[in-house]
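Colleague: this one's sequence-less:
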């Protein structure tokens, strides 16, 4: 996957954040008159009706600008968009129309709502994230829920992507009032966001784009099962307890429940008329310590017969597996990450009280050890669940069925990504390693639902 190179900065209302950008020459844009500096030249003619062309022209200008010319392009574009209070509502209407077209292109390029919000959060600032969510919500008006897959709908819910404004002319004035920013600051943020989005490359898709053919074969045969509902109900308790003994009492059983759920799905799918097929989802993995966090996600994925592929430059992992197993991975990883973060903070405080500094090396070693020990525990729980299922049913076909599903997952990974490489992780802090393994032994192997992923 191609990464983002180069840099620019967010300059909105005092916000400052590094922004990685691809080489502008790698992106094709509609033609237009150009100035000697290479940026698209245009002149506003004034009047309310001009707003119908302002956003597209300014976005193209900023998108085509070199790093050297970017500040000038942003200033010219934002000044033009914000010049007239009378035209401001029309600028908002045209922004929503322009974003609808741009988002349609990005959906076709493999991106999804959570991905684009994550890009804005990683590369820009809070105001850009708010804009991103609003533009995604506005574009979503085009699609009936029936043409969206369930994970897409779930991403929209997690983002709270709702149309809160009454009429598109009211959007930018309402946004300005809500965020207490002037027109120029908002126009600058709009153009910065559109540039970052406009430079995103094509990536491997996961699931169908809006209106695409639904992947019925990858849906769980039984739908949202009572088992998953039971696991979801236990999550808050597992994460909120202040007593390690209580959390420890919850360990092991959850992964066994998930493993049994996976086994039940595999048996049903084996006897189903339609062939079952692997699906995929993306889970955000943010810095700092994104390497150890990826190790934790890989441990959860492996225990649930899934594969995880890390796209470090975009801050996410793609997890490939069957739908019931993907649900388990998503739930359990989110919970374990919450538990790991809390345990790392407590261990760091204790480490500090004993006279040592709370260093990055300690935290890195803690998370690596935590992920390593969790892998051991999850693997043991999964193996135990399979052995019990075979013993209870005397089903000689179960192991071949599970092996066949794992083979399908491996083939799906090869088809999506081709050759992959592994990465070694080193630890340098023995205290952090010991504390991480101890925390992993206490961790409740239950997942978390409803949290917004990073």
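Modeller: Received the coordinates, thanks. The structure presented is a predicted model; accordingly, all values stated were derived computationally and were not measured. Residues are numbered from 1 along each chain as shown.

Colleague: Which pLDDT does the model give the residue nearest the centre of the chain?
Modeller: When CA atoms, centre = their mean is applied to the chain, the residue found nearest the centroid is residue 284 (3.9 Å). What the model reports for residue 284 is a pLDDT of 96.

Colleague: If it is in a bridge, with which residues?
Modeller: residue 316 (DSSP bridges).

Colleague: separation between it and residue 304?
Modeller: As defined by CB to CB, to the nearest Å, residue 284 lies at a distance of 18 Å from residue 304. For glycine as for every other residue, the C-beta is placed from the backbone atoms N, C-alpha and C.

Colleague: which residues of the stretch 351-454 of the chain score low on pLDDT?
Modeller: The stretch 351-454 of the chain contains residues with pLDDT under 70 at 351-358, 395, 423-439, 441-442, 444-454.

Colleague: just the helices in it please.
Modeller: 360-393, 398-417, 430-442 (DSSP state H, counting those that start in this stretch).

Colleague: And the stretch 201-350 of the chain, by the same measure?
Modeller: For the stretch 201-350 of the chain, the helices defined by DSSP H, counting those that start in this stretch cover 226-240, 244-249, 253-270, 290-303, 323-353.

Colleague: Looking at the ones you listed, which one is packed in the most?
Modeller: Among those, helix 290-303 has the highest mean neighbour count (mean count of other CB atoms under 10 Å), at a mean of 24.

Colleague: Can you name the residues in contact with that helix?
Modeller: Applying CB atoms under 8 Å, 6 or more residues apart in numbering, the contact partners of helix 290-303 are 255, 259, 283, 285-286, 307-308, 310, 312, 315, 317, 319, 321, 329, 332-333, 336-337, 340, 364, 367-368, 370-372, 374-375, 378-379, 381-382, 423, 425.

Colleague: and these, which are buried?
Modeller: 255, 259, 283, 285, 307-308, 310, 315, 317, 319, 321, 329, 332-333, 336-337, 340, 364, 367-368, 370-372, 374-375, 378, 381-382 (16 or more other CB atoms under 10 Å).

Colleague: and this structure, what are its domains?
Modeller: 7-198, 216-442 (automatic domain parsing).

Colleague: returning to what we had before: assess the claim that the residue nearest to the centre of the chain and residue 114 are in contact.
Modeller: Yes - counting by CB atoms under 8 Å, residue 284 touches residue 114, with 7.2 Å between them.

Colleague: any idea how far the residue nearest to the centre of the chain lies from residue 116?
Modeller: For residue 284 relative to residue 116 (CB to CB), the value is 12 Å.

Colleague: same check, this time on residue 88
Modeller: Applying CB to CB, the value for residue 88 to residue 116 is 25 Å.

Colleague: and these two? which has more neighbours close in?
Modeller: The neighbour count for residue 88 versus residue 116, taken as other CB atoms under 10 Å, is higher for residue 116 (25 against 20).

Colleague: residues in contact with that one?
Modeller: Listed by CB under 8 Å, 6+ apart, the contact set of residue 116 reads 103, 106, 132, 136, 197.

Colleague: ok, residue 415 - how many residues close by?
Modeller: Residue 415: 11 neighbours (other CB under 10 Å).

Colleague: Just give the number of residues close to residue 158.
Modeller: Residue 158: 15 neighbours (other CB under 10 Å).

Colleague: angle of the one helix or strand it maps to against helix 323-353?
Modeller: Using DSSP states H and E, residue 158 sits within helix 150-159. With axes from the mean of the first three to the mean of the last three CA atoms, to 10 degrees defining the directions, helix 150-159 sits at 40 degrees from helix 323-353.

Colleague: Let me know the average pLDDT across helix 150-159.
Modeller: Averaging pLDDT along helix 150-159 yields 95.

Colleague: Can you give me the buried ones in the following helix or strand past it?
Modeller: For helix 150-159, the following helix or strand on the C-terminal side (DSSP H and E) is helix 171-179. Judged by neighbour count (16+ other CB under 10 Å), helix 171-179 contains these buried residues: 171, 172, 173, 174, 175, 176, 179.

Colleague: about what we covered before: got the helices of the stretch 351-454 of the chain as CSV, with distance to residue 56 columns?
Modeller: Below are these laid out as CSV (distance: least, CB to CB, whole Å):
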stretch, distance to residue 56
helix 360-393, 45
helix 398-417, 34
helix 430-442, 51
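
Colleague: Out of those, flag the one nearest residue 80.
Modeller: Closest to residue 80 of those, according to CB to CB: helix 398-417, at 42.4 Å.

Colleague: Low-confidence regions, the stretch 151-300 of the chain specifically.
Modeller: 213-225, 232-238, 241, 243-254, 271-275.

Colleague: Could you rerun that using 80?
Modeller: 211-261, 267-275 (pLDDT under 80).
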